[in-house]
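Asks: The sequence and its predicted three-dimensional model are supplied below.
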Amino acid sequence: QVQLVESGGGLVQAGGSLRLSCAASGGDFSMNTMGWFRQAPGKEREFVARLHWIGDVATYADLVKGRFTISRDIAKKTLYLQMNALKPEDTAVYYCGVQRGLGTVTSWGSWNSWDSWGQGTQVTVSS
C-alpha cells in the first residue's frame, strides 16, 4: 500500500512561489504515474500536473502551464511541485496522488481514476 505525505504549503502573496513535496513510501513506484491535484472550497478536485515515476514528458493543466513544474527525486522517493507566479485563484488544498501504470490522458485528468492520495496541504495566495 503506497503512502503519501505532502508538505510545503502555506500563505504567500500573489506573484510569490512555493514548493510542495510529497514523500512516498510502501511500494514500488517504478511503474506508477504520480501527480498533483487541487481542490478549492465548493469545487471539485482538479488536475494540476502528472509525471511517470521513471520519467517522461510532464503533463500540466492549462491553468498552471508555464508557472508550475512537477519533478521527482527517485532516491528520496519524493515528488515535487514548484509553483511560481502564484495567483489568488491558485488557493486550494493540494493533493499528491498515485495512479498505477502509465495511465491515459483521460485517466490522468479524472481524480477518481487515481488509486492513492495524501492528506493534502493548504496553499493560500493573498492578493
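Replies: Now that the structure is in, tell me what you want to look at. Residues are numbered from 1 along each chain as shown.

Asks: which residues sit in contact with the closest residue to Gly15 other than its chain neighbours?
Replies: Closest residue in space to Gly15, ignoring its immediate chain neighbours: Ala85 at 6.2 Å, by CB to CB, 6 or more residues apart in numbering. Any C-beta I mention is one placed from the backbone N, CA and C, and that applies to glycine too. By CB atoms under 8 Å, 6 or more residues apart in numbering, the contact set of Ala85 is Gly15, Ser17, Arg67.

Asks: what's the closest of these to Met31?
Replies: For the contacts of Ala85, the minimum distance to Met31 (CB to CB) is 29.3 Å, reached by Arg67.

Asks: Quick check: the closest one touching Met83?
Replies: Yes - Arg67 lies in contact with Met83 (CB atoms under 8 Å); the separation is 6.8 Å.

Asks: and stretch 67-84, how far from the chain's centre?
Replies: Relative to its parent chain, stretch 67-84 has a centroid offset of 8 Å by CA atoms, centre = their mean, to the nearest Å.

Asks: List of residues touching it?
Replies: Residues contacting stretch 67-84 (CB under 8 Å, 6+ apart): 17-25, 29, 34-36, 48-51, 53, 55, 58, 60, 64, 85-86, 90, 94, 96, 123.

Asks: out of the residues you listed, which are inside strands?
Replies: Of the contacts of stretch 67-84, the ones assigned to strands by DSSP state E are 18-25, 34-36, 48-51, 60, 94, 96, 123.

Asks: Fine by me, thanks again.
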